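> kindly return the folded structure for what I paste below:
(one chain, ligands or ions: 1)
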Amino acid sequence: MNRIDNDLRSIQEARILVENAREAQKLLAAYSQEKLDRIVACMAEEIAQHARELAVFAQEETGFGNWHDKFIKNLFTSEFLYQKIRDMKVVGIISEDKENRTMDIGVPVGVIAALIPSTNPAATTIYKTLIAIKSGNAIVFSPHPKARKTIEKVLDILMRTAEECGLPSGAIAYLRTVTVSGTAELISHKDTALILLTGVPKLVRLARRSGKPVICSGPGNGPAFIERTADIKKAVRDIIASRTFDYGIVSASEQSIIAEECIANEVRHELRQNGAYFMSPQEAQQLSSSIFRSDGSLNPDFVGRSASEIARNGGLCIPADTKVIIAEQQYASAANPYAREKLCPVLAFYVEKDWRYACEKCIELLLNEGRGHTLVIHSNNEQVIREFALKKPVSRLLVNTPSTLGGIGATTNLFPALTLGCGAVGGGITSDNVSPMNLINIRKVGYGVRRIEEIAPDKLLQTSDTGYDALCFADQQTADLPDLNELLNKLLKQLT
Ligand SMILES: CC(=O)SCCNC(=O)CCNC(=O)[C@H](O)C(C)(C)COP(=O)(O)OP(=O)(O)OC[C@H]1O[C@@H](n2cnc3c(N)ncnc32)[C@H](O)[C@@H]1OP(=O)(O)O
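From the prediction side, this is the model:
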């Protein structure tokens, strides 16, 4: 089949899937929370049985990351996330304030178009499906071409299980012929209500041009600041565990370390003790030209690879037990590749005189890339932590925890999510760890509790007992404007 036929088929498929999803969602919108919850429970239970096999499959198909950490991520979504959402009230009456006589009603947004990154195909697909159905929405996926088989495998299991448990057919679906034209049709179709986009930087512009609301996770570039009062051994252990998790492909992961000058040597020592290799300036120069392509984009051959594989592909000779590779840096400029997101176990290392300078360096790094994403601080000085929290252009500030796992809500009490909103600065509509609550509209119900005169009783003329009469009085005033002017003139004369 030639390219044009493929595009046409893909566009046609997208239209049919969205139209079917729209009809399925109409049925779903009438389901109670309990009925939706039963379907979500069946899906979570079934997919957890396949967590290991899907992790192995994803790693084999994409070459990114390692199956062991992908297995953890699959369990994180099918078990940990499921436990968190199990008792959430998302649709129907979700809250009622009897005293103030208001009520919130959760209303599903409708049909969601979902894009999945090649770096995290199984866990992100599980996560998006569970939160979409929990919130009574239909969801149509456009699988990443490099991870298509994994995404299809996950969705086949989820669709079969959900439909056996009562989900209307078409409420979960995916494009089988994936092209950019088909994806464009899916996200801009008139019946698509919302785009849920994770990774895939090349399609972000397309999503924004559709004019639909976009929930997206922008690029990360989180620095890790180690302040002088930190438990240095623990901070270093956290950073290495985080940077090596799934070989560094989670966007919340640390991309650089900033150490205060007075503890910098101790931090270097600990890093070496824990498997870090510090490159010479020549080695750093050589590796940076391999990690990034000439157009400035990341070279996928280095993404989600172990330190030894990165060294081998980049022509470096490093000890066999190296876990992370470090380049000492001074500047956080756009021209410095180490000041960017690297998606592999490579870190920049900066030294700053004190926490105020470190604060500035963090801001420079985040303005360079990763605005609105995540930052981590290791410190036991509550005042510095608060100063940091008040000033940084991020949506998540993590404290004394591995950034990868803290950001997604595994080692913190942030909501467990694999789409991390970066707010308006990141080009999306939320800065939240995206949850089912981001996939509904809230219909506000308010009972009448006061008359209009009561909103400013000392400033409004009380003409009668009812608010309606007060409004009529206002109308009457407008009709009698000349008289009102006369009155004003008289008043002015009296005052002068
Ligand atoms: C919480 C989290 O962890 S968030 C997610 C993790 N972070 C990321 O994914 C980081 C951002 N990703 C990237 O920088 C890149 O995807 C990389 C470096 C990982 C991989 O790069 P690549 O292998 O070149 O894949 P890339 O995602 O760019 O897509 C490859 C092609 O598939 C296309 N494509 C991807 N998804 C789709 C889709 N749904 N429909 C149609 N085409 C698609 C892209 O447009 C691109 O086309 P092109 O090569 O003709 O330009």
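
> just the residues contacting stretch 25-36, thanks.
Contact with stretch 25-36 is made by 89-92, 107-108, 110-111, 133-138, 166-168, 171, as judged by C-beta atoms under 8 Å, 6 or more residues apart in numbering. To be clear about C-beta, it is placed using only N, CA and C from the backbone, and glycine gets the same treatment.

> contacting residues around residue 58?
So residue 58 contacts 65, 67, 70, 121, 122, 147, 150 (C-beta under 8 Å, 6+ apart).

> can you report phi and psi for residue 351?
phi -120, psi 130 (degrees, to the nearest 10).

> and it, what is it in contact with?
258, 259, 260, 261, 264.

> again, 7 Å this time
259, 261, 264 (C-beta atoms under 7 Å, 6 or more residues apart in numbering).

> residue 175 too?
Neighbours of residue 175 in contact, by C-beta under 7 Å, 6+ apart: 10, 13, 14, 17, 142, 143, 182, 186.

> so which of the residues you listed belong to strands?
residue 142 (DSSP state E).

> ok, so of the contacts of residue 175, who is nearest residue 416?
residue 143 (22.9 Å; C-beta to C-beta).

> how about the closest one: what's its closest non-neighbour residue?
Closest residue to residue 143 apart from its sequence neighbours, by C-beta to C-beta, 6 or more residues apart in numbering: residue 151 at 3.8 Å.

> tell me what the helix or strand containing the one you found is packed against?
Using DSSP states H and E, residue 151 falls within helix 148-164. In this structure, helix 148-164 makes packing contacts with helix 33-49, helix 51-62, helix 121-134, strand 172-174, judged by 3 or more C-beta pairs under 7 Å, 6 or more residues apart in numbering; DSSP states H and E.

> is any part of the second one close to the ligand?
Read that as helix 51-62. No: Helix 51-62 does not reach the ligand (C-beta under 6 Å from any ligand atom); its nearest approach is 8.4 Å.

> distance from the chain centre to that helix, please.
23 Å (C-alpha atoms, centre = their mean, to the nearest Å).

> write out the residues of the chain neighbouring the ligand.
115, 117-120, 142, 144-146, 178, 180, 183, 198-203, 217, 250-252, 298, 300, 303, 343, 418, 420.

> endpoints of stretch 413-428, how far apart?
Using C-alpha to C-alpha, to the nearest Å, the end-to-end distance of stretch 413-428 comes to 23 Å.

> kindly report the same for stretch 403-422.
15 Å.

> contacts for that stretch?
Contacts of stretch 403-422 (C-beta under 7 Å, 6+ apart): 76-77, 80-81, 84, 120, 123-124, 127, 196, 198, 215, 217-218, 222, 224, 242, 245, 250-254, 371-374, 376, 395-396, 398, 401-402, 428, 430-435.

> which of these fall within strands?
196, 198, 215, 217, 222, 224, 254, 374, 376, 396, 398.

> can I get those in CSV with distance to residue 347 and pLDDT?
Output for the ones in strands among the contacts of stretch 403-422, formatted as CSV (distance: C-beta to C-beta, whole Å; pLDDT from 0 to 100):
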residue, distance to residue 347, pLDDT
196, 30, 97
198, 23, 93
215, 29, 96
217, 21, 88
222, 11, 97
224, 8, 98
254, 7, 98
374, 15, 97
376, 12, 98
396, 19, 97
398, 16, 98
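
> quick check: the farthest pair among those residues?
196 and 224 (28.4 Å).

> so in this structure, where's the weakest helix or strand by average pLDDT?
helix 467-479 (a mean of 46; mean pLDDT, DSSP states H and E).

> check contacts around the nearest residue to residue 369 once chain neighbours are set aside.
Nearest non-adjacent residue to residue 369, counting by C-beta to C-beta, 6+ apart: residue 221, 4.1 Å away. Neighbour list for residue 221: 255, 340, 341, 365, 366, 368, 369, 370, 373 [criterion: C-beta under 7 Å, 6+ apart].

> how about residue 291?
298, 299, 302, 337, 342, 346.

> quick check: bridge partners of the last one?
Partner residues in beta bridges with residue 346, using DSSP bridges, are residue 325.

> how confident was the prediction at it?
Per-residue pLDDT puts residue 346 at 98.

> residue 329 is in contact with that one, correct?
No: here residue 346 does not reach residue 329: they are 11.4 Å apart, not a contact under C-beta atoms under 7 Å.
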